[in-house]
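> give me a 3D structure for the following:
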Amino acid sequence: MTTSLPLLSILIWLPLLGAVVVLLAGNQRPALARWLALLVASVTLLLSLQLWTGFDSTTAAMQFTELKAWIPVFNVNYHLGVDGFSMPLILLTTIFGVLVIVAGWEVIKDRVHQYMAAFLVLQAALTGVFAALDGLLFYVFFEAMLVPMFLLIGVWGGPNRVYAAVKFFLYTFLGSVFMLIGLIYLYLQSGSFNILEWHDLGLSMTEQKWIFLGMLAAFAVKIPMWPVHTWLPDAHVEAPTGGSIILAAVMLKVGGYGFIRFSLPITPDASNMLDWVVIGLSLIAVVYIGFVALVQTDMKKLIAYSSITHMGFVTLGLFIAFSIFRASPDGFGAAMGVEGAMMQMISHGFISGALFFVVGVLYDRMHSRDIADYGGVANVMPWFTMFAVLFFMANAGLPGTSGFVGEFMVILASFNASIWIAFFATFTLILGAAYNLWLVKRVFFGEVKNENVSRLRDINSREVFILTVLAVAVLTIGLYPQPLLNVMHVSVEHLLQQITQTKII
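As a prediction, this is how the structure comes out:
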């Protein structure tokens, strides 16, 4: 679908323009900065709904496309468009654009205008990543989103914020350098930065392997996969609540999206040859990191490690498709694995965002994330506990919640690849139940032993709004995932056609 209204450009540049206006509000008018940021984010969300209502789910072609010459001498274009993979992720970005601003409404009191502007810039960059169809444009947005996140951690973070911010920046930046080399090589071979043209570009196996490894270096860090995951717990622990929410809910999805848009369709033969590497790393994330989460005493660290295990399901669902096709020529179950990976990304966005907000609510009142400092919260905050338990159960994969849908689909698909892959994948259900129930029991139930807990107040209207929106999303996707599956199904089938056709020349 091509529209006369440059909707994607508006979704990218309106938040950037809004960030400038918010900065002009200055530090002396924090209320004005908050309301301006909320207005911009809300308008962006309303506009993004047109992507959903106007999306044609019967075609795998790019829709809402825009194409303008940017750097003609190098054949670089300002090229935007969405399909069944990118459109839901842009909608997820705009939803959390509103929620993170509301989440920091009362909590952030220092440099409010800069804080709000940083989130608007981050939203713009993330939207650009998911909409870009030009390799160089994608890279610009990919790198641009590091700057506001670096500032959010480094300026408004915890005691070790500088260390966490620098570690986050170095890991993600160094990984993306290898991707840039691959993008430049693809340009030299094709004479274009058009990502869709790269999907049809013939490459030798050697070329594909090196490009695949370069992409893997960038996207594995971003997801993150073991063993390049160590930046994530530090970033989450030190980031402000809003930073943790947007990092977990949206930024981690860039890695999975990168595999879908670049690695699988551009280097299908290398992906097929090296799928065991990604599957192995994914299973390590599911099992080993699950045990690591089980021994955490800091609530934020526990949720951060659980995010790594859940994102392991994303890469597992994407790459078991090759094993499925090797086991059965008809590839039965491959589509289910890829769709499960996409469902897991969307679901994890809502659940992880909700969990980090839950921890933020407790931290704002108690100034502690240590599980041992709590106990009996349900006795003094019953409404809050109702929401919190729902989200932790969803994080454990409780049927009826969104957390169950993606994991169940990937596990079912993995049976068609290998019984052993399915066996290890199911460990996440056991470990997830263990560490989530352990936290819920220690924090929310039992007697109130800490006098500080006994003085806690239940959630206010602002917190009820955020938790209600997230709860509705988690339950809606869990009970009726079909609309999301319909949106992505044709794009998934198209991707499977791409990865089963050799590109070796």
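
> and Asn379, how many neighbours?
Look at Asn379: counted by other Cβ atoms under 10 Å, it has 16 neighbours. Where C-beta positions appear, they are placed from N, C-alpha and C, glycine not excepted.

> ignore the last one, Met366
The tally of other residues near Met366 (other Cβ under 10 Å) stands at 17.

> got a list of what it touches?
373-374, 452-453, 456 (Cβ atoms under 8 Å, 6 or more residues apart in numbering).

> please redo it, this time with the cut-off set to 7 Å
By Cβ atoms under 7 Å, 6 or more residues apart in numbering, the residues touching Met366 are 373, 452.

> how confident was the prediction at it?
pLDDT for Met366: 85.

> now do Thr230
For Thr230, the model assigns a pLDDT of 83.

> same thing with Val102?
For Val102, the model assigns a pLDDT of 91.

> count the neighbours of it for me.
Applying other Cβ under 10 Å, we find 20 residues neighbouring Val102.

> check the secondary structure at Leu67 for me.
The three-state label given to Leu67 by DSSP: H, G, I helix; E, B strand; the rest coil is strand.

> got it, and Pro399?
Pro399 is classified as coil under three-state DSSP.

> residues contacting it?
By Cβ under 7 Å, 6+ apart, the contact set of Pro399 is empty.

> so what pLDDT did it get?
Among the per-residue scores, Pro399 shows a pLDDT of 91.

> what does Ile430 give?
Reported pLDDT for Ile430: 86.

> Val389 too?
Per-residue confidence (pLDDT) for Val389: 93.

> could you find the closest non-adjacent residue to it?
Using Cβ to Cβ, 6 or more residues apart in numbering and skipping the chain neighbours, the partner closest in space to Val389 is Val440 (5.9 Å).

> now for that neighbour, how many residues are close by?
Using other Cβ under 10 Å, Val440 is surrounded by 19 other residues.

> run through who's touching the helix or strand hosting it.
When elements are defined using DSSP states H and E, Val440 is found to belong to helix 427-444. For helix 427-444, contacts defined as Cβ under 7 Å, 6+ apart pick out 286-287, 290-291, 293-294, 299, 302, 306, 309, 313, 371, 374-375, 377-378, 385, 388-389, 392, 395-397, 407.

> what about the helices in the stretch 251-400 of the chain?
Assigned by DSSP state H, counting those that start in this stretch, the helices in the stretch 251-400 of the chain fall at 253-258, 264-266, 268-273, 275-294, 299-327, 334-366, 377-380, 382-395.

> the nearest residue to Leu203 once chain neighbours are set aside: what's it in contact with?
Leaving out its chain neighbours, the residue that sits closest to Leu203 by Cβ to Cβ, 6+ apart is Lys503, at 5.6 Å. Counting by Cβ under 7 Å, 6+ apart, Lys503 touches 202-203, 268-269.

> which residues make contact with the worst-scoring helix or strand of the chain on mean pLDDT from outside it?
Counting by mean pLDDT, DSSP states H and E, the chain has its least confident helix or strand at helix 451-454, which shows a mean of 80. Helix 451-454 is contacted by residues 366, 374-377, 380, 448 when judged by Cβ under 7 Å, 6+ apart.

> any chance of the residues you listed in a markdown table, plus distance to Ile90?
Below are the contacts of helix 451-454 laid out as a markdown table (distance: Cβ to Cβ, whole Å):
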| residue | distance to Ile90 |
| --- | --- |
| Met366 | 36 |
| Tyr374 | 37 |
| Gly375 | 41 |
| Gly376 | 42 |
| Val377 | 36 |
| Val380 | 40 |
| Val448 | 44 |
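
> would you turn the helices of the stretch 251-400 of the chain into CSV with distance to Pro483?
Formatted as CSV, those follow (distance: least, Cβ to Cβ, whole Å):
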stretch, distance to Pro483
helix 253-258, 19
helix 264-266, 24
helix 268-273, 29
helix 275-294, 27
helix 299-327, 19
helix 334-366, 11
helix 377-380, 34
helix 382-395, 19
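
> need the buried ones from the contacts of helix 427-444 selected in PyMOL.
Only the buried entries of these go into this PyMOL selection, using 16 or more other Cβ atoms under 10 Å:
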select buried, resi 286+287+290+293+294+299+302+306+309+313+371+374+375+377+378+385+388+389+392+395+396+397+407
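
> ok, the spatially most central residue of the chain to Leu120 distance?
Centroid-nearest residue in the chain, with Cα atoms, centre = their mean: Lys253, separated by 2.8 Å. As for Lys253, its distance to Leu120 is 19 Å (criterion: Cβ to Cβ, to the nearest Å).

> swap in Trp52?
22 Å.

> and for Gly182?
31 Å.

> the two - which one has more neighbours?
Using other Cβ under 10 Å as the criterion, Gly182 and Leu120 rank with Leu120 on top: 27 against 24.

> surely that one meets Val21?
No: under the criterion of Cβ atoms under 7 Å, Leu120 is not in contact with Val21, lying 9.3 Å apart.

> how much space between the residue of the chain positioned farthest from its centre and Ser190?
Distance from the centre of the chain peaks at Glu451, with 37.6 Å (Cα atoms, centre = their mean). Distance, Glu451 to Ser190, by Cβ to Cβ: 67 Å.

> over to Val295?
Taking Cβ to Cβ as the criterion, Val295 is separated from Ser190 by 49 Å.

> just want to know which of these two has more residues nearby.
A count of neighbours by other Cβ under 10 Å puts Ser190 above the other of Val295 and Ser190, at 17 against 11.

> quick one: contacts for that one?
By Cβ under 7 Å, 6+ apart, the neighbours of Ser190 are 197-198, 201.

> hang on, the earlier thing: name the nearest of the contacts of helix 451-454 relative to Leu479.
Closest to Leu479 out of the contacts of helix 451-454 is Val377 (27.4 Å), distances taken as Cβ to Cβ.

> where does the nearest residue to that closest one once chain neighbours are set aside land on pLDDT?
The shortest distance from Val377 to any non-neighbouring residue, by Cβ to Cβ, 6+ apart, is to Phe444 (4.7 Å). Confidence at Phe444, expressed as pLDDT, is 88.

> repeat for Met62
For Met62, pLDDT reads 90.

> for Met1, same thing?
At Met1, the model reports a pLDDT of 50.

> Gly242 too?
Looking at Gly242, its pLDDT reads 86.

> same thing with Gly202?
Looking at Gly202, its pLDDT reads 86.

> residue contacts, it?
Contact analysis of Gly202 by Cβ under 7 Å, 6+ apart lists 503, 505.

> in which helix or strand does it reside?
Gly202 is part of no helix or strand, with elements assigned from DSSP H and E.

> quick check: the gap between it and Leu264.
The gap separating Gly202 from Leu264 is 16 Å, by Cβ to Cβ.

> quick one: buried residues of the helix holding Val440?
427-429, 431-433, 435-436, 438-440, 442-444.

> check stretch 22-37 too.
22-23, 25, 30, 32-37.

> shaky segments in this structure?
Across the chain, the stretches falling below the confidence threshold (pLDDT under 70) are 1-4.

> hmm, back to that, closest one to Val129 out of the contacts of Ser190, please.
Nearest to Val129 among the contacts of Ser190: Trp198, at 16.5 Å, using Cβ to Cβ.
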